[in-house]
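Participant: From the sequence below, what's the structure:
(one chain, ligands or ions: 1)
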Amino acid sequence: MSYQTSLITLNNGNKIPGISIIGTGTRWYKYNPEDKYSDALVKQIENALELPGMLHIDCAEMYQTHAEVGEALRNSKKPRDEIFITDKYAIPRKFSSNPKEGLKLALEKMGLEYVDLYLLHFPIIDPKLYDFTLEEAWKMMEDLYNEGLAKNIGVSNFRVEDLEQLSKSWVIKPQINQIEFNAYLQNQTPGIYDYCIKNNIQLEAFCPLVPLREVNEKDLLPLYVKQLAQKYSKTENQIMLRWVSQRKVIPVTTSSRPERVRDAYDIFSFELTQDEVEFITKLGSQHDTIRKYWNVYYDKYN
Ligand SMILES: NC(=O)C1=CN([C@@H]2O[C@H](COP(=O)(O)OP(=O)(O)OC[C@H]3O[C@@H](n4cnc5c(N)ncnc54)[C@H](OP(=O)(O)O)[C@@H]3O)[C@@H](O)[C@H]2O)C=CC1
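Facilitator: All right, here's what the predicted structure looks like:
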């Protein structure tokens, strides 16, 4: 199979792959530090590292899968500049004292000298747990960027108000905001999609495949996606991921199945028409919201 890759330019001029096909959370997430080491995850990353071009792996302190990522990287011959590693500092579940310590520990566990992207995982910082404010956390992110330990920095699950608050003191604007985004949840929080597009903060989408994962027999969207899959000779997953990407959002997906990982890599060899993109957008927005993460904080926006 010949793959077409896509690189997106961030607001600092650096490039990022147009999709992350190996998320090491959700399916692989370990709630307890003593949970079992996952040989299956190592194998899955190793398989993905054999694909041509640049591979984007999405990690986080909270997932506790750094050891598996490190093992797969050590076993791979792919050059470092063809691997894009994202990591996230854990908020609101605290694992290390601050973003500087968090990144140092992550780099040690993964055997890396730098990450390509480092994110603050969540904006709401409990002062009983952490001894820094959101502004102070961002300042530490900027230091890590200036020291070259994180080539790009950003945030995750941030609302417009969180970005506005940070903007009063940031020296470096976040390159990325990674949010929950799919046809059934086009604004994780009010106005966030338009705000990030307008302010040149690149969006990433976790949970991009929810409309295919949560199918109800009355749903029109999966039927339409099936028709498009036939038209383009692609899988339904590829159609859904391509829609996310044509909405200018970078999909962050994962799978335990090698064929799904390979398919997700191959979404840039075709393009949906503008009408098709708009029709998926419309069908999705007519459906009830489905929100899978951060419900305690964000269900109020449903
Ligand atoms: N920043 C944040 O707060 C968060 C970040 N993330 C990141 O995003 C990554 C991806 O999130 P996730 O929600 O898993 O992404 P997706 O929406 O892409 O879902 C992937 C999951 O869906 C299953 N799946 C794939 N295709 C289908 C289908 N056609 N029908 C039914 N099930 C299907 C896969 O199972 P199978 O293994 O069988 O293929 C896999 O478990 C995470 O691993 C993590 O790295 C996730 C949540 C929060």
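
Participant: and the host helix or strand of C196, what does it pack onto?
Facilitator: Assessed by DSSP states H and E, C196 sits inside helix 192-198. Helix 192-198 sits against helix 160-167, strand 176-180, strand 202-206, with contacts defined as 3 or more Cβ pairs under 8 Å, 6 or more residues apart in numbering; DSSP states H and E. (Glycine included, C-beta is placed from N, CA and C.)

Participant: Report the buried residues of that helix.
Facilitator: 192-193, 195-196 (16 or more other Cβ atoms under 10 Å).

Participant: still on that earlier bit, can you say which of the helices and strands packed on helix 192-198 is nearest to the ligand?
Facilitator: strand 202-206 (3.4 Å; Cβ to the nearest ligand atom).

Participant: Now tell me what touches that closest one from outside.
Facilitator: Residues outside strand 202-206 that contact it (Cβ atoms under 8 Å, 6 or more residues apart in numbering): 8, 10-11, 16, 20, 23, 25-26, 58, 154, 175-182, 193, 196-197, 244, 248-252, 293.

Participant: Of those, which are in range of the ligand?
Facilitator: 23, 25-26, 58, 178, 252, 293 (Cβ under 6 Å from any ligand atom).

Participant: which residues of the stretch 1-150 of the chain fall in strands?
Facilitator: Ranges of strands within the stretch 1-150 of the chain are 7-9, 15-17, 22-23, 55-58, 83-89, 117-120, based on DSSP state E, counting those that start in this stretch.

Participant: how about those strands in TSV, adding distance to I201, mean neighbour count and mean pLDDT?
Facilitator: Shown next, in TSV, are the strands of the stretch 1-150 of the chain (distance: least, Cβ to Cβ, whole Å; neighbours: other Cβ atoms under 10 Å; pLDDT from 0 to 100):
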stretch	distance to I201	mean neighbour count	mean pLDDT
strand 7-9	12	12	96
strand 15-17	12	20	97
strand 22-23	20	25	94
strand 55-58	17	25	96
strand 83-89	15	24	98
strand 117-120	12	27	98
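
Participant: Close to the ligand: what parts of the stretch 101-250 of the chain are there?
Facilitator: Proximity of the stretch 101-250 of the chain to the ligand, by Cβ under 6 Å from any ligand atom, involves residues 121, 156-157, 178, 206-210, 212-213, 237.

Participant: Of these, select the buried ones using a ChimeraX command.
Facilitator: In ChimeraX, this line selects whichever of those come out buried by 16+ other Cβ under 10 Å:
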select :121,156,157,178,206,207,208,209,210,212,237
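
Participant: And the helices in the stretch 201-302 of the chain?
Facilitator: Remark: helices assigned in the stretch 201-302 of the chain by DSSP state H, counting those that start in this stretch are 210-213, 221-232, 236-246, 258-265, 274-286, 295-298.

Participant: pLDDT on the fifth one, on average?
Facilitator: For helix 274-286, mean pLDDT rounds to 98.

Participant: Which other helices and strands does it contact?
Facilitator: Applying 3+ Cβ pairs under 8 Å, 6+ apart, one finds that helix 274-286 contacts helix 221-232, helix 236-246.

Participant: Out of those helices, which one sits most buried?
Facilitator: Counting by mean count of other Cβ atoms under 10 Å, helix 236-246 has the highest mean neighbour count of these, with a mean of 23.

Participant: For it, name the packing helices and strands.
Facilitator: Applying 3+ Cβ pairs under 8 Å, 6+ apart, we find helix 236-246 packed against helix 210-213, helix 221-232, strand 249-252, helix 258-265, helix 274-286.

Participant: Show me the contact partners of it.
Facilitator: The contact list for helix 236-246 (Cβ under 8 Å, 6+ apart) reads 6, 18-19, 181-183, 205, 208-209, 211-212, 222, 225-226, 228-229, 232, 234, 250-251, 253, 260, 263-264, 266-268, 270-272, 277, 280-281.

Participant: Closest residue of the protein to the ligand?
Facilitator: As assessed by Cβ to the nearest ligand atom, the ligand sits closest to G23 within the chain, at 2.4 Å.

Participant: Name the nearest residue to that residue, ignoring sequence neighbours.
Facilitator: The shortest distance from G23 to any non-neighbouring residue, by Cβ to Cβ, 6 or more residues apart in numbering, is to T254 (3.6 Å).

Participant: The one you found reaches R27, doesn't it?
Facilitator: Yes - between T254 and R27 a contact is recorded at 5.6 Å, counting by Cβ atoms under 8 Å.

Participant: For those two, indicate the residue with more neighbours.
Facilitator: A direct count of neighbours by other Cβ atoms under 10 Å for T254 and R27 places T254 higher, at 23 against 13.

Participant: Look at the more buried one and report its pLDDT.
Facilitator: For T254, the model assigns a pLDDT of 95.

Participant: how close does it sit to Q44?
Facilitator: 8 Å (Cβ to Cβ, to the nearest Å).
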